[in-house]
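Asks: Build me a structure from this.
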Amino acid sequence: PTPPAAAATSNGALPDLSWVHEIEDAPVYHPTPEQFADPIAYIRSIQQEAVKYGLCRIVPPCLPSKSAAKVLSTSAGGGGRFTFTARMQQLGQQPLDSFDGARFMQAPRKYTVEEFEKQANIYHKKQFGTTAVMPTKMVEVEYWRRQSAAPCDDWVKYGNDVEGTAFSDGSGDDLGNSKWNLKVLPLLPGSLLRHLSIDIPGVTSPMLYIGQLFSTFAWHIEDHYLYSINYSHVGAPKTWYGVPASDADGFEAAALTEIYGLAAAKARAEGLGEAETKDKCLSALIDKTTILSPGTLMKHGVKVFRAVQQPGEFIVTFPRSYHGGFSNGFNFGEAVNFATADWWPYGSDSSDRYRRLGREPMLLHEQLLLVETDRLMQSLQQPAATTLHSLLTLAPSGTQPATSDTTTLYSFLRLMRWQHSSRLRLTQQLAAAGASYTCQVTPSGSSSKRGSSSVCAICGDVPGVVLLLLPAGAAGVETAAGSSSSSSGSETSAGMIGSAAAAGRCGCSSSSSSSR
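Replies: Numbering: from 1, shown residues only. This is a model prediction of the structure:
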């Protein structure tokens, strides 16, 4: 149905859209063929500048030789019968008195790309009198007029999270055969996701996104605060908005006030504390249904930037950068995640948040860290048992790690310190209660010997990376009060790290970090 011509807000006032002409654009990068050869290295080279915007555009120096529509037709077995299910989205501002953001619902049927494009063009012509691509700011103004108005019977479709890829790997396809092919990029040597033993659609393998005019991808951060990369294969531009990680807390505060204010007031009236109310908001944001005007965020002092993605361009979003946007007409692209060593602190923070919110993680951050550290230790040709002090000479603490290797070691040391402190306090608590700590991981040579690794004296397991605790009261070991028993000792001398070729864990010990 054609929406009403008036685009007043839910309280009858016309929305202030002057910010459309004031919002700053995110940077655009044009790598040379030599720079383009290694995507991870190139993204790291621009990161220091681009991370300040939350996202950036990258224009590749090469093109695909086969259209994405033909690739999908071929992958579907011919005949153009590649099909997908779309989701219905209602335009308009919806006051929420609960944290249930269910404003999207499944469409009742599946579509081929051709069928979806036909319906998308019909809707586009109703709005603008033509199917031609319109000036992006004109579309932007109209989009936010619709989203600021009271909800009406105006629905659009969006084929999101469709498993598959439209990259060609045929001979002669420069882009498809490059490392920027999104089937390849997440598993490159520079991406930590290569250590995952299972495929996670949308994370380690790409998903497709087929949109029409005003199809919306709501504000969100990537699962586990990962990087994301999106490629637009064909069609109209896509307007993106990004909030850098430095303003993520401000974004969440603004969302709690502007979108979930009624729900928050209701929760507080029912006796929910401030922290629990905020967690309800954070959980709602994870569901990716929150629509909030960049102009509103800017009034709250949140930094917001815009990127208009043209077909044939990449968009990269950075860890814990909120982003959202909409399509300017029929288009489709695909996206996937990746992670470089600078992601470790973000991954740790996201794991903590998931545990607090009761959300199941998609990947195990600590497991990835242990596997990557083990690989690094072998590449550095370190001995099987290395003191924490020795590692600190490789990754000095107190300074910002400058390289991937030092960042990984720095993150590993933080994890080991936490584990050491937690296990030491556990043994002290058990001892105070008169219980014994039954699982003992000891250096090979002082107990059962199995090669040059460490072995559990009780269960005989050989962990890949273990922390060997010194007895309470030994030089450099913290007491329950948190002070060292020796003024010359330090936290870094409190234990030893054993590194074996394969990552593992002692099944009967308390060294698991899952409760962190």
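Asks: any idea of the mean pLDDT in stretch 123-130?
Replies: Mean pLDDT, computed over stretch 123-130, is 96.
Asks: How far off centre is it?
Replies: From the chain centre to the centre of stretch 123-130 is a distance of 35 Å (CA atoms, centre = their mean, to the nearest Å).
Asks: Pull out the buried residues from that stretch.
Replies: 123-124, 127-128 (16 or more other CB atoms under 10 Å). In this view, the C-beta of every residue, glycine as well, is placed from N, C-alpha and C.
Asks: Please tabulate these in TSV, including the columns distance to Gln419.
Replies: Converted to TSV, the buried residues of stretch 123-130 look like this (distance: CB to CB, whole Å):
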residue	distance to Gln419
Tyr123	55
His124	56
Gln127	57
Phe128	59
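Asks: hey, where'd the strands end up in the stretch 51-200 of the chain?
Replies: Under the criterion DSSP state E, counting those that start in this stretch, the stretch 51-200 of the chain contains strands at 55-58, 83-90, 104-112, 155-163.
Asks: now the stretch 251-400 of the chain
Replies: Going by DSSP E, counting those that start in this stretch, the stretch 251-400 of the chain shows strands at 305-309, 314-317, 322-327, 331-338, 385-387.
Asks: Mind giving me the packing neighbours of the second one?
Replies: The reference is to strand 314-317. If you count contacts as 3 or more CB pairs under 8 Å, 6 or more residues apart in numbering; DSSP states H and E, strand 314-317 packs onto strand 55-58, strand 227-235.
Asks: List the buried residues of the lengthiest helix in the chain.
Replies: Criterion DSSP state H: the longest helix present in the chain is helix 404-432. Residues of helix 404-432 classed as buried: 404-413, 415-417, 419-420, 423-424, 427 (neighbour count, 16+ other CB under 10 Å).
Asks: any idea how far that helix is from the chain center?
Replies: With CA atoms, centre = their mean, you get 25 Å for helix 404-432.
Asks: Quick check: mean pLDDT of it?
Replies: 78.
Asks: Now do the same contact list for the closest residue to Thr32 other than its chain neighbours.
Replies: Spatially, and ignoring its direct neighbours in sequence, Thr32 is nearest to Pro61 (6.4 Å; CB to CB, 6 or more residues apart in numbering). Pro61 is in contact with 30-33, 36, counting by CB atoms under 8 Å, 6 or more residues apart in numbering.
Asks: winner for burial among the strands of the stretch 51-200 of the chain?
Replies: Of all the strands of the stretch 51-200 of the chain, strand 55-58 has the most neighbours on average by mean count of other CB atoms under 10 Å, namely a mean of 24.
Asks: so what secondary structure elements neighbour that strand?
Replies: Here strand 55-58 touches strand 28-29, helix 39-50, strand 305-309, strand 314-317, going by 3+ CB pairs under 8 Å, 6+ apart.
Asks: strand partners of it, parallel vs antiparallel please.
Replies: With DSSP bridges as the test, strand 55-58 is paired with strand 28-29 (parallel), strand 314-317 (antiparallel).
Asks: Need the outlier residue of this structure, farthest from its centre.
Replies: Gly434 (44.7 Å; CA atoms, centre = their mean).
Asks: And that residue, how far from Thr427?
Replies: Counting by CB to CB, to the nearest Å, the separation of Gly434 from Thr427 is 13 Å.
Asks: Check Tyr143 too.
Replies: In terms of CB to CB, Tyr143 sits 59 Å off from Thr427.
Asks: quick one on the thing from earlier: now do the longest helix of the chain against helix 39-50, angle only.
Replies: Helix 404-432 runs at 80 degrees relative to helix 39-50, counting by axes from the mean of the first three to the mean of the last three CA atoms, to 10 degrees.
Asks: packing partners for helix 404-432?
Replies: Helix 404-432 packs on helix 344-357, helix 365-379, helix 388-394, strand 465-469, strand 495-499, going by 3+ CB pairs under 8 Å, 6+ apart.
Asks: pretty sure Arg81 contacts Tyr111?
Replies: No. If you go by CB atoms under 8 Å, Arg81 and Tyr111 don't touch, sitting 11.0 Å apart.
Asks: Below-threshold pLDDT in the stretch 301-450 of the chain: ranges please.
Replies: Along the stretch 301-450 of the chain, the model assigns pLDDT under 70 to residues 382-402, 435-450.
Asks: again, only this time at 80
Replies: The stretch 301-450 of the chain contains residues with pLDDT under 80 at 377-406, 416-431, 433-450.
Asks: swap in the stretch 51-200 of the chain?
Replies: For the stretch 51-200 of the chain (pLDDT under 80), the answer is 74-81, 94-108, 151-153.
Asks: what about 90?
Replies: Within the stretch 51-200 of the chain, the stretches with pLDDT under 90 are 69-70, 72-82, 87-88, 90, 92-110, 148-154, 169-172, 197.
Asks: mind listing what Asp16 touches?
Replies: So Asp16 contacts Gly295 (CB under 8 Å, 6+ apart).
Asks: what's it sitting at in phi/psi?
Replies: Note on Asp16: backbone dihedrals following degrees, to the nearest 10 are phi -90, psi 110.
Asks: hey, what's Trp240 bridged with?
Replies: Ala307, Gly325.
Asks: what about it, how many neighbours?
Replies: The number of residues packed near Trp240 is 23, by other CB atoms under 10 Å.
Asks: try Asn331
Replies: 25.
Asks: Identify the residue nearest it in space, chain neighbours excluded?
Replies: For Asn331, the spatially nearest residue (CB to CB, 6+ apart) is Gly235, at 2.8 Å.
Asks: In this structure the one you found contacts Phe330, no?
Replies: Yes. Under the criterion of CB under 8 Å, Gly235 makes contact with Phe330 at 4.9 Å.
Asks: Residues that sit against both of those two, list them.
Replies: Gly211.
Asks: Pull the contacting residues for Arg359.
Replies: 283, 286, 353.
Asks: Export these as TSV, with columns for neighbour count.
Replies: Shown next, in TSV, are these (neighbours: other CB atoms under 10 Å):
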residue	neighbour count
Ser283	16
Ile286	16
Arg353	16
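Asks: what's the closest of those to Leu192?
Replies: Distance to Leu192, by CB to CB, is smallest for Arg353 among those, at 18.9 Å.
Asks: Ignoring the adjacent residues along the chain, who's closest to that closest one?
Replies: Nearest one to Arg353, counting by CB to CB, 6+ apart, is Leu282 at 7.0 Å.
Asks: separation between that neighbour and Gly271?
Replies: As judged by CB to CB, Leu282 and Gly271 stand 19 Å apart.
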